[in-house]
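**Q** Quick one, structure for this:
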Amino acid sequence: MKIASQKDFASGLMFTIVGIAFGVGATNFDIGSAARMGPGYFPLLLGILLAVLGVIITLQSFGKHIGDQSLGNIAWRPLIFILGANLAFGALLVGIPSWGIPHFGLIVAIYGLVLISGYARPGHKLKESVILATALAIGSYGAFVYALNLQFPVLPWFLGH
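**A** This next block holds a predicted model:
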C-alpha cells in the first residue's frame, strides 16, 4: 500500500507511540478500578485512547487525499528553541543537584522559558519577551502564592518561599 498522506501517517505514528508510552508508564502506579480509581487509572485510559486514535489516523493515511500531503522541511529553529526552553524551565525550577545547579524558583524559570522560547520566532524582539515574562511571572505569583496559597520556591533567595 502507498501512503497518501505523510502528515497523517507521521502524526498517527507519533500519537500511537506516545499513547503506548503513557499506557506503559501508568502501570508503574496503582491502577485501581472504575469504582476506586488509582493514580494510574486516568493516564492508562488516556494512553489507550491516544494509541487507538493514532492507529486510526495512521490507517486513514493510506486513503485518498487531495493536494500535497508531504511532510516538507523540519522547522529546526522553533524545534530547538522550544525544547530547549522547556528543558531550561525544568532545570531552573527544581535545579539539577547531580550537576551542582541549584533551584532558582518559579519566577526565574518563567523568565528563562519565555526569553529562550521567544527566539523560536524570526524577528524576535527581546523587549516583547521581557514584558510577556514579567506579566506571566506576576500572574503566576498572584495565582499560585496568593490565590491558591501554594508553598513552593518562587524566588528562594529573595522572597523566602
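**Q** When you work out contacts or count neighbours from here on, use the C-alpha atoms and nothing else.
**A** OK.
**Q** Now stretch 10-23: average pLDDT?
**A** If you average the pLDDT over stretch 10-23, you get 94.
**Q** roughly how far is that stretch from the heart of the chain?
**A** Remark: stretch 10-23 is offset 15 Å from the chain centroid, using CA atoms, centre = their mean, to the nearest Å.
**Q** Over to stretch 7-17?
**A** 17 Å.
**Q** So the residue nearest the centre of the chain: helix, strand or coil?
**A** A centroid search over the chain (CA atoms, centre = their mean) returns residue 86, at 7.4 Å, as the residue closest to the centre. The three-state label given to residue 86 by DSSP: H, G, I helix; E, B strand; the rest coil is helix.
**Q** Name the nearest residue to it, ignoring sequence neighbours.
**A** In this structure, residue 86 finds its nearest non-sequential neighbour in residue 113, 6.3 Å apart by CA to CA, 6 or more residues apart in numbering.
**Q** same for the helix or strand hosting that neighbour, what does it pack against?
**A** Per DSSP states H and E: residue 113 is located in helix 106-118. Judged by 3 or more CA pairs under 8 Å, 6 or more residues apart in numbering; DSSP states H and E, helix 106-118 is in contact with helix 76-94, helix 126-140.
**Q** elements contacting the shortest one?
**A** So that's helix 126-140. helix 106-118.
**Q** From the rest of the structure, what touches the helix it packs on?
**A** The contact list for helix 106-118, computed with CA atoms under 8 Å, 6 or more residues apart in numbering, reads 78, 81-82, 84-86, 88-93, 124-126, 129-130, 132-134, 136-137, 141, 153-155.
**Q** change it to 10 Å
**A** Applying CA atoms under 10 Å, 6 or more residues apart in numbering, the set of residues contacting helix 106-118 from outside is 78-94, 103, 124-134, 136-138, 140-141, 152-156.
**Q** Return the residues in contact with the residue nearest to the centre of the chain.
**A** 92, 109-110, 112-114, 116-117.
**Q** which residues of this structure score low on pLDDT?
**A** 65-71, 152-161 (pLDDT under 70).
**Q** Report the residue ranges of every domain in it.
**A** 6-60, 76-147 (automatic domain parsing).
**Q** Straight-line length of the longest one, end to end?
**A** Start-to-end span of domain 76-147 (CA to CA, to the nearest Å) is 39 Å.
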